[in-house]
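Structure of the sequence below:
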Amino acid sequence: MIASPASHLMTEPGRGQRAAPIAVQNLDYWFGQGEARKQALYDVNLEIERGELVILMGPSGSGKTTLLTLVGCLREVHEGSVRLLGKELNSASEELLVACRRQVGFIFQAHNLHESLTAMQNVRMALEVHGPAAMRNWYEASSHLLRLLGLGERLDYLPGNLSGGQKQRVAIARALVGNPEIVFADEPTAALDKESGYQVVKLLKDLGRVRQTTTLMVTHDNRILNLADRIITMEDGRIVQDER
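All right, here's what the predicted structure looks like:
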């Protein structure tokens, strides 16, 4: 069972009013080269406001994860415009991409934990990129989130001794520990039972309300759709529906 959100995570940071954290215009994307080149996204236009929890839905191969990875600086943008936290990603330098990645958190369907590190150490790794100031309270921040996610008795467990759902909750703690401005999530509830999955998405929803954290999530999980501020449906590389 996941605990209720606590004050450390829910403190309003006073970020103030700024441009939409995610703005996409006329985005096209291709995989492959030459005769094998295949278009994956077609003229995608999307703007997500600060604090919104937006769910991307659609059949397999519709372009959801491709869009998520382009906006999240995990693929290069070549055609069209993607602005993340006010920074243009098309033809951006590696230095700028690294700086942007430090302001976002990623939750992947495959938890991508380091098998030789404990739950605490896996979460701590996400703070190391933020420098010495963030590391001063790494133990308190990491243990707080793991306890919040129901893993208080497994802080020192290696991933091999955790269930699939527990591993996913460690990955979620890792994504949130740096208090990112944007969270990108690819099927974050796939390994979780109904109650745990709902509580994780509720936590993301509360972060949007209190801290103005923006979440863009790919999911097929119909159990959590009522928590979304918007549901965007994709088919064949295009946005075909945007429901608020």
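
Give the buried residues for the helix ranked longest in the chain.
The longest helix of the chain (DSSP state H) is helix 194-211. Residues of helix 194-211 classed as buried under the neighbour-count rule (16 or more other Cβ atoms under 10 Å) are 196-208, 210-211. C-beta coordinates here come from the backbone N, C-alpha and C atoms, glycine included.

which of the residues you listed lies closest to Met234?
Set against Met234, the nearest of the buried residues of helix 194-211 by Cβ to Cβ is Val201 (19.5 Å).

Report pLDDT for that closest one.
pLDDT, Val201: 95.

Let me know the distance separating the residue lying closest to it once chain neighbours are set aside from Gly160.
Once flanking residues are discounted, Val201 sits nearest to Ile224: 4.4 Å by Cβ to Cβ, 6 or more residues apart in numbering. Distance, Ile224 to Gly160, by Cβ to Cβ, to the nearest Å: 29 Å.

Please identify which of those two sits among more neighbours.
Neighbours were counted for Ile224 and for Gly160 using other Cβ atoms under 10 Å; Ile224 has more, 23 against 9.

show me where pLDDT drops low in the protein?
Low-confidence segments of the chain (pLDDT under 70): 1-18.

Tell me which residue is most central in it.
Phe184 (1.9 Å; Cα atoms, centre = their mean).

unless I'm mixing things up, that one is touching Arg101, no?
No. With contact defined as Cβ atoms under 8 Å, Phe184 does not reach Arg101; the gap is 10.1 Å.

what do the two both touch?
Gly72 (Cβ atoms under 8 Å, 6 or more residues apart in numbering).

Next one: the residue of the chain most remote from its centre from Arg102, what distance?
What lies farthest from the middle of the chain is Glu35; by Cα atoms, centre = their mean that is 33.8 Å. Distance, Glu35 to Arg102, by Cβ to Cβ: 39 Å.

thinking again about what came up before, how far away is the residue nearest to Val201 from Arg136?
Ile224 is 35 Å from Arg136, by Cβ to Cβ.

ok, the closest residue in space to Pro21 that isn't next to it in sequence - how many residues close by?
Nearest non-adjacent residue to Pro21, counting by Cβ to Cβ, 6+ apart: Thr214, 4.8 Å away. Thr214: 26 surrounding residues under other Cβ under 10 Å.

Same question for Thr215.
26.

The one 5 residues further on now?
Taking other Cβ under 10 Å as the criterion, the count of residues near His220 is 13.

Wasn't it part of a strand?
No. Looking at His220 with DSSP: H, G, I helix; E, B strand; the rest coil, it is coil, so not inside a strand.
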